[in-house]
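Enquirer: I'll drop the sequence and a predicted model, then ask my questions.
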Amino acid sequence: MKLLFCLSLFFLFSCNIDEEIDISENRVYVTLQGMSHVAIVETNNLQTIEEVSIDLSDNGMMSAPHDVAVDNVNNFWFTTAMMGGKVGMYSFETNELLSSFQINQMPALLSIDINNKKLYVSRGVSGNGIITNIIYELSYANGILEEIEQWDVGFDYAHGIHFDNVSGNLFIVSKTNDFIAKINPNEPQVPFQNPLLISMDEETATNHTIPVNRLRPIHITSKYPYIFITCSAGEWSSESEYDEISGQVQMWDIESMNLLAVAELGTYSRPWHLDVSPIEDKIFVSMSGGEGENESDYSGVTCLQFSNINDQFYLEEVWQTKSPNYGTLHGLTVLSDCNGNYEVYATGRTDGSIYKFDPYTGLEIDKKNLISMGNIRTGGIDIYSSCSD
């Protein structure tokens with residue numbers, strides 16, 4: 001009888017050991033836009049821990065989650081349902097939907113003010129009567145999503161968005177009008193003062209209400225006292241004028257809003273999302289690449305180093321990794337572990353894969369396919385780090 005009991009325990013614990021999945025505490029969240037899921041992926045070997053079904057649609061359409069943002073301190077994560085018209089707030093522990101807020105008209109990108117438990121939301125895709133000059137400021141301090149303010153930035157296609165935790169300012173760029181808006185959320189909304197509007201090219205972008213479509217700024221990040229903006233640029237024409245504008249990353253001073261440096265990456269590089277190193281003075285940029293009238297470029301990731309030497313500012317390429325096998329790299333994030341090591345993660349918009357890169361060499365470390373259906377398969381990406389402040 002004792003032998004039978006021991007054998008039973010042996011098989012019980014053996015099965016549990018075989019079924020247990022060894023995952024790190026650090027996780028990557030990826031929107032699977034093509035199937036209305038968010039994948040939660042562990043960082044060691046890119047194994048999917050769970051796929052969370054996103055049901056944020058009242059109109060019978062698929063939700064199509066576009067962006068994802070993680071509050072590492074308060075243990076919530078958020079996603080925008082671009083087709084469903086809502087923002088969803090989820091529990092980190094259970095991945096259950098806790099609250100949603102109706103944005104309508106294609107909510108797109110997210111940025112979090114973790115200290116004050118606020119979420120900022122932009123919209124995507126202009127035209128067809130969609131209002132794209134409004135930024136939503138939401139609070140989740142009471143455990144639900146509640147509207148605080150709608151900020152009118154004055155220009156259309158206000159898409160790229162970033163909250164800088166040091167300065168307390170919110171930055172927005174227009175994908176069509178080549179303007180930046182700087183908002184102090186703690187001050188009253190006053191036209192042309194708060195938000196403050198800054199032209200990204202004073203020769204061509206002279207009126208914030210007129211689409212220029214020259215620089216085509218996409219995304220923003222910051223490392224105080226600087227903000228960094230990707231500009232997809234490319235071919236540009238205005239009346240009889242034609243030009244090819246290099247895809248670029250711009251470096252601006254947060255306080256003065258002066259342009260400090262520009263790194264040009266190629267006409268058809270089409271820089272997209274970017275993130276900063278938590279350790280070094282470097283930024284990492286996804287490049288969607290693609291074809292143009294005169295040439296083409298592969299998709300990939302580039303690393304840029306920024307510096308200030310005797311008040312001369314530099315933004316210089318460290319490495320660049322490109323391949324014809326990358327499926328239009330789109331989302332990008334950087335994850336640091338508790339020992340000071342970090343890695344770069346990017347998602348393929350058209351191949352549905354997640355990629356992991358070495359931040360020092362650009363070497364592709366690993367790749368896993370997350371979704372194999374849809375024209376737009378993956379969207380935004382963010383991390384949960386056990387070592388976040």
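Expert: Received the coordinates, thanks.
Enquirer: Name the nearest residue to Val121, ignoring sequence neighbours.
Expert: Tyr136 (4.2 Å; Cβ to Cβ, 6 or more residues apart in numbering). Where C-beta positions appear, they are placed from N, C-alpha and C, glycine not excepted.
Enquirer: I should have written Gly85 there, sorry.
Expert: Of all residues not flanking Gly85 in the chain, Asn104 sits nearest, at 4.7 Å (Cβ to Cβ, 6+ apart).
Enquirer: what about the residue nearest to Val121, which SS state?
Expert: Secondary structure, DSSP: H, G, I helix; E, B strand; the rest coil: Tyr136 is strand.
Enquirer: shouldn't it be in contact with Asn104?
Expert: No. Using Cβ atoms under 8 Å, Tyr136 is not in contact with Asn104, being 10.4 Å away.
Enquirer: And the two? Which one has more around it.
Expert: Tyr136 (20 against 11; other Cβ atoms under 10 Å).
Enquirer: who touches the more buried one in this structure?
Expert: Counting by Cβ atoms under 8 Å, 6 or more residues apart in numbering, Tyr136 touches Val87, Phe101, Ile103, Pro107, Tyr120, Val121, Glu147, Glu149, Gln150, Trp151.
Enquirer: Buried subset of those residues as a ChimeraX selection?
Expert: In ChimeraX, this line selects whichever of these come out buried by 16 or more other Cβ atoms under 10 Å:
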select :87,101,103,107,120,121,149,151
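Enquirer: Sort the contacts of Tyr136 by pLDDT and name the bottom one.
Expert: Ranked by pLDDT, those bottom out at Ile103 (91).
Enquirer: That one against Met83, yeah?
Expert: No. Between Ile103 and Met83 there is no contact under Cβ under 8 Å: 11.7 Å.
Enquirer: pLDDT weak spots in the stretch 101-250 of the chain?
Expert: 126-128 (pLDDT under 70).
Enquirer: The closest residue to Pro107 other than its chain neighbours pairs with what?
Expert: Spatially, and ignoring its direct neighbours in sequence, Pro107 is nearest to Thr80 (4.0 Å; Cβ to Cβ, 6+ apart). Beta bridges link Thr80 to Val87 when assigned by DSSP bridges.
Enquirer: any idea how far Asp311 is from Thr80?
Expert: 40 Å (Cβ to Cβ, to the nearest Å).
Enquirer: Counting neighbours, go ahead and name the busier of these two.
Expert: Counted by other Cβ under 10 Å, Thr80 and Asp311 do not tie: Thr80 has more neighbours, with 32 against 6.
Enquirer: show me where the stretch 101-250 of the chain has strands.
Expert: Ranges of strands in the stretch 101-250 of the chain, per DSSP state E, counting those that start in this stretch, are 107-113, 118-123, 134-139, 146-152, 158-164, 169-174, 179-183, 196-199, 217-223, 226-231, 234-238, 241-245, 247-253.
Enquirer: Same list (those strands) but as CSV, adding distance to Gly331.
Expert: What follows is the strands of the stretch 101-250 of the chain, written out as CSV (distance: least, Cβ to Cβ, whole Å):
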stretch, distance to Gly331
strand 107-113, 11
strand 118-123, 15
strand 134-139, 20
strand 146-152, 24
strand 158-164, 13
strand 169-174, 17
strand 179-183, 22
strand 196-199, 26
strand 217-223, 10
strand 226-231, 12
strand 234-238, 20
strand 241-245, 24
strand 247-253, 16
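Enquirer: Give me the pLDDT value at the residue nearest to Leu46 when sequence neighbours are not counted.
Expert: Nearest residue to Leu46 in three dimensions, chain neighbours excluded: Lys368, at 4.0 Å (Cβ to Cβ, 6+ apart). pLDDT, Lys368: 97.
Enquirer: So Lys368, which state does it fall into?
Expert: Lys368 is classified as strand under three-state DSSP.
Enquirer: what does Gly34 give?
Expert: Here Gly34 is recorded as helix under three-state DSSP.
Enquirer: who touches it in this structure?
Expert: Gly352, Ile371, Met373, Gly374, Asn375, Ile376, Arg377, Thr378.
Enquirer: again, only this time at 7 Å
Expert: Residues in contact with Gly34 (Cβ atoms under 7 Å, 6 or more residues apart in numbering) are Gly352, Ile371, Met373, Gly374, Ile376, Arg377.
Enquirer: again, but for Ile134
Expert: By Cβ under 7 Å, 6+ apart, the neighbours of Ile134 are Gln150, Trp151, Asp152.
Enquirer: Please name the bridge partners of it.
Expert: For Ile134, the beta-bridge partners are Asp152 (DSSP bridges).
Enquirer: swap in the one 4 residues further on?
Expert: In this entry, Leu138 is beta-bridged to Leu119, Glu147, by DSSP bridges.
Enquirer: Quick check: it vs Ser111, distance?
Expert: From Leu138 to Ser111 the distance is 11 Å (Cβ to Cβ).
Enquirer: Could you name every residue contacting both of the two?
Expert: Common contacts of Leu138 and Ser111 (Cβ under 7 Å, 6+ apart): none found.
Enquirer: and for stretch 246-256, what are the contacting residues?
Expert: 164, 167, 169, 222, 224-234, 258-267, 269-271, 274, 283, 285, 304, 306, 313, 315.
Enquirer: Please name the nearest non-neighbouring residue to Gly289.
Expert: Excluding the flanking residues, the one nearest Gly289 by Cβ to Cβ, 6+ apart is Ser299, at 3.8 Å.
Enquirer: Could you pull up the contacting residues of that neighbour?
Expert: Counting by Cβ under 7 Å, 6+ apart, Ser299 touches Met287, Ser288, Gly289, Lys322, Tyr326, Thr328, Leu329.
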